[in-house]
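[1] heads up, no residue letters with this:
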């Protein structure tokens with residue numbers, strides 16, 4: 001890939017696509033991991049003499065083609081201004097009236113998902129984006145798995161395109177994990193549904209030594225093993241698929257450990273009455289909300305014995321204090337492990353931050369979906385266009 005580091009941008013207008021889709025509450029950014037991850041590329045562009053920097057990003061899922069204040073990037077502009085120590089204006093009208101940005105200045109363009117044709121990679125919209133800059137820098141790894149106007153179309157239309165530091169580092173790190181991992185290798189894949197991560201689970205069976213399913217995904221595997229999960233979320237139509245995966249793993253000598261004890265609640269809420277139970281004793285009216293202490297200790301031991309750990313998706317409803325202990329234990333274990341640890345996905349990043357171990361993780365990926373698809377072996381459109 002052409003990269004920003006080896007691209008001449010002296011005196012040129014730089015148009016960047018970043019992933020600034022961060023959690024916002026009451027008009028304030030509550031987790032800025034993705035914003036801070038983008039800062040090195042912004043600063044490098046300045047150091048290399050960009051005349052101006054125009055940043056494209058999205059936030060949430062508004063109705064395309066409609067402005068909606070609830071999905072404005074205004075809170076992100078305010079937070080970015082604080083981090084950079086200067087005002088970063090938010091420009092709303094930029095498609096038909098390209099903004100004149102003063103030398104050395106940075107501006108943030110309003111949510112690209114307000115623009116009709118963004119998701120379908122509309123050529124006309126892509127061409128309008130391309131007129132905003134001389135060089136396109138793709139540095140939103142969290143969106144490169146989507147072929148959209150601001151990720152792929154603009155790169156086709158503009159004269160020069162390159163990868164920012166983040167995309168470059170993500171691809172290089174994932175390539176290392178895929179092509180030459182230090183073994184033994186553990187993958188932890190959590191989430192509510194097997195269906196959303198089935199293909200990555202199947203693909204990882206060819207790459208890892210141990211695969212730990214977490215969250216609702218684990219429930220489907222528990223049912224496949226003959227356990228009752230009470231009123232917990234699971235996918236009946238994928239139980240047979242999970243059973244086959246367990247058999248395939250066993251035949252290959254790959255371990256898929258499942259919970260031996262769980263923390264259940266009588267309702268899905270922070271106030272739910274919690275109880276630790278053997279996985280064999282879950283009642284019909286109970287919901288599995290976390291792994292139990294025995295399971296957490298077992299998973300922690302496993303993590304301590306690994307050389308490479310890939311983690312996407314928490315193992316419990318860690319947002320509720322009563323059901324956070326399993327994910328916390330695993331966070332601590334991964335942080336203490338001597339393994340190379342690679343963590344990705346919004347919920348997992350939030351967990352390592354919440355439990356204060358983010359500085360002890362070797363690599364935190366900003367792209368959950370992109371990370372999983374790359375590990376699966378899929379071509380990412382926003383990366384391929386840069387090749």
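    Alright, I've got the coordinates. Note that the structure is predicted; figures quoted are calculated from it, not measured.

[2] Just give the closest residue to residue 267, not the sequence neighbours.
    Take residue 267 and drop its neighbours on the chain: the residue closest to it by Cβ to Cβ, 6 or more residues apart in numbering is residue 287, 7.1 Å away. The C-beta positions use only the backbone N, C-alpha and C, and glycine is treated the same way.

[3] Report the separation between that neighbour and residue 240.
    23 Å (Cβ to Cβ, to the nearest Å).

[4] Looking at those two, which has the bigger crowd around it?
    Taking neighbours as other Cβ atoms under 10 Å, residue 287 and residue 240 compare with residue 287 leading, 22 against 10.

[5] Angles on the backbone of the more buried one, please.
    phi -110, psi 130 (degrees, to the nearest 10).

[6] mind listing what it touches?
    230, 231, 232, 233, 264, 265, 266, 267, 268, 272 (Cβ atoms under 8 Å, 6 or more residues apart in numbering).

[7] Run through the bridge partners of it.
    Taking DSSP bridges as the rule, residue 287 bridges to residue 265.

[8] now it: how far from residue 149?
    When residue 287 is compared with residue 149 (using Cβ to Cβ), they lie 41 Å apart.

[9] Could you do residue 290 as well?
    41 Å.

[10] next one: residue 331
    37 Å.

[11] Near residue 140, how many other residues are there?
    Neighbour tally, residue 140, other Cβ under 10 Å: 31.

[12] Do I have it right that it meets residue 18?
    Yes - counting by Cβ atoms under 8 Å, residue 18 is a contact partner of residue 140 at 4.9 Å.

[13] anything in contact with each of those two?
    Contact criterion Cβ under 8 Å, 6+ apart; residues shared by residue 140 and residue 18: 38, 57.

[14] Give me the phi and psi for residue 170.
    Torsion angles, degrees, to the nearest 10, at residue 170: phi -60, psi -50.

[15] Name the nearest residue to it, ignoring sequence neighbours.
    residue 141 (4.4 Å).

[16] Report how many residues lie close to that neighbour.
    Using other Cβ under 10 Å, residue 141 is surrounded by 33 other residues.

[17] now residue 11
    By other Cβ under 10 Å, the residues close to residue 11 number 11.

[18] ok, now how distant is the residue nearest to residue 170 from residue 218?
    Residue 141 sits 27 Å away from residue 218, taking Cβ to Cβ as the criterion.

[19] same deal with residue 258?
    Residue 258 is 6 Å from residue 218, by Cβ to Cβ.

[20] Out of the two, name the residue with the larger neighbour count.
    Taking neighbours as other Cβ under 10 Å, residue 258 and residue 218 compare with residue 218 leading, 30 against 17.

[21] Residue 99 and residue 53, how far apart?
    12 Å.

[22] more neighbours, the two?
    A side-by-side neighbour count of residue 99 and residue 53, using other Cβ under 10 Å, places residue 53 first with 23 against 15.

[23] neighbours around the spatially closest residue to residue 272 that is not a sequence neighbour, how many?
    In this structure, residue 272 finds its nearest non-sequential neighbour in residue 265, 3.3 Å apart by Cβ to Cβ, 6+ apart. By other Cβ under 10 Å, the residues close to residue 265 number 23.

[24] and what of the one 3 residues further on?
    Here the count is done by other Cβ under 10 Å, and residue 268 has 14 residues near it.

[25] show me what contacts it?
    287, 289, 317.

[26] Specify the local secondary structure of it.
    Assigned by DSSP: H, G, I helix; E, B strand; the rest coil, the conformation of residue 268 is coil.

[27] For residue 53, give me the pLDDT.
    On pLDDT, residue 53 comes in at 98.

[28] how's the protein carved up into domains?
    Following automatic domain parsing, one finds the domains of the chain at 4-167, 181-376.

[29] Of all those domains, which one is nearest residue 383?
    domain 4-167 (5.2 Å; Cβ to Cβ).

[30] Quick check: end-to-end length of that closest one?
    End-to-end distance for domain 4-167, by Cα to Cα, to the nearest Å: 10 Å.

[31] what's the spacing between it and its chain's center?
    18 Å (Cα atoms, centre = their mean, to the nearest Å).

[32] Please apply the same query to stretch 297-315.
    That offset, for stretch 297-315, works out to 18 Å (Cα atoms, centre = their mean).

[33] returning to what we had before: quick one: the contacts of residue 268 as TSV, columns for pLDDT too.
    Putting the contacts of residue 268 into TSV (pLDDT from 0 to 100) gives the following:
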residue	pLDDT
287	97
289	96
317	95
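
[34] who touches the nearest residue to residue 292 once chain neighbours are set aside in this structure?
    Nearest non-adjacent residue to residue 292, counting by Cβ to Cβ, 6+ apart: residue 261, 3.0 Å away. Contacts for residue 261 were tallied using Cβ under 8 Å, 6+ apart; they are 276, 277, 278, 279, 291, 292, 293, 294, 295.

[35] sorry, back to before: in the contacts of residue 287, which residue is surrounded by the most others?
    residue 264 leads the contacts of residue 287 on contacts (other Cβ under 10 Å) with 26 neighbours.

[36] what's the nearest residue to that residue if we skip its chain neighbours?
    residue 286 (4.1 Å).
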